[in-house]
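**Student:** model the following, please.
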Amino acid sequence: MQEWLPADARPPDYVLELYITGATPNSLRAVLNLKDICEQYLAGRYELTIIDIYQQPELAQTARIVAAPTLIKVSPEPRRWLVGDLSDRPQALRLLGMDPGSGSEPDTQPAQTS
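**Tutor:** Numbering: from 1, shown residues only. Sure, this is the predicted structure:
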């Protein structure tokens, strides 16, 4: 399990968990895509934990992960899940509660999931 924490001491605005399956192409793509999204839109405001379900299957079982890569937005509420490599940036931003067309600020409406 790897954690990236914001440089400042205040609690993060976003707590994210990314469940991956080792160093597979989809997992690597998901990590790169998510880090890019976080640095562009949430710089200094997030905590990201990457969990390899091969190394820590008990965490995947507890979180009820059935496919990987899976991103869970733990906070802010509501908790949301997104399965895939996060290459669909507008969908990933909606999961984070952001308006994909507006830039970096969270949307005032709850994110819609399909």
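**Student:** can you name every helix or strand that the longest helix along the chain contacts?
**Tutor:** Using DSSP state H, we find that the single longest helix of the chain is helix 25-41. With contacts defined as 3 or more Cβ pairs under 8 Å, 6 or more residues apart in numbering; DSSP states H and E, the packing partners of helix 25-41 are strand 14-20, strand 46-52, helix 89-95. In this view, the C-beta of every residue, glycine as well, is placed from N, C-alpha and C.
**Student:** deepest-packed of those, please.
**Tutor:** Burial of those is given as mean neighbour count (mean count of other Cβ atoms under 10 Å); strand 14-20 ranks first at a mean of 22.
**Student:** paired strands for that one, with orientation please.
**Tutor:** strand 46-52 (parallel), strand 70-75 (antiparallel) (DSSP bridges).
**Student:** adding distance to Leu59, write those strands out as a markdown table.
**Tutor:** Output for the strands paired with strand 14-20, formatted as a markdown table (distance: least, Cβ to Cβ, whole Å):
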| stretch | distance to Leu59 |
| --- | --- |
| strand 46-52 | 5 |
| strand 70-75 | 11 |
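**Student:** so can I have CSV of these showing distance to Arg64 and mean pLDDT?
**Tutor:** Shown next, in CSV, are those (distance: least, Cβ to Cβ, whole Å; pLDDT from 0 to 100):
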stretch, distance to Arg64, mean pLDDT
strand 46-52, 13, 97
strand 70-75, 10, 96
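**Student:** out of the ones you listed, nearest to Leu95?
**Tutor:** Judged by Cβ to Cβ, the one of the strands paired with strand 14-20 that comes nearest to Leu95 is strand 70-75, at 5.9 Å.
**Student:** quick check: next helix or strand after the closest one?
**Tutor:** For strand 70-75, the following helix or strand on the C-terminal side (DSSP states H and E) is strand 80-83.
**Student:** does anything pack onto that following strand? Which helices or strands?
**Tutor:** Counting contacts by 3+ Cβ pairs under 8 Å, 6+ apart, strand 80-83 packs against strand 70-75, helix 89-95.
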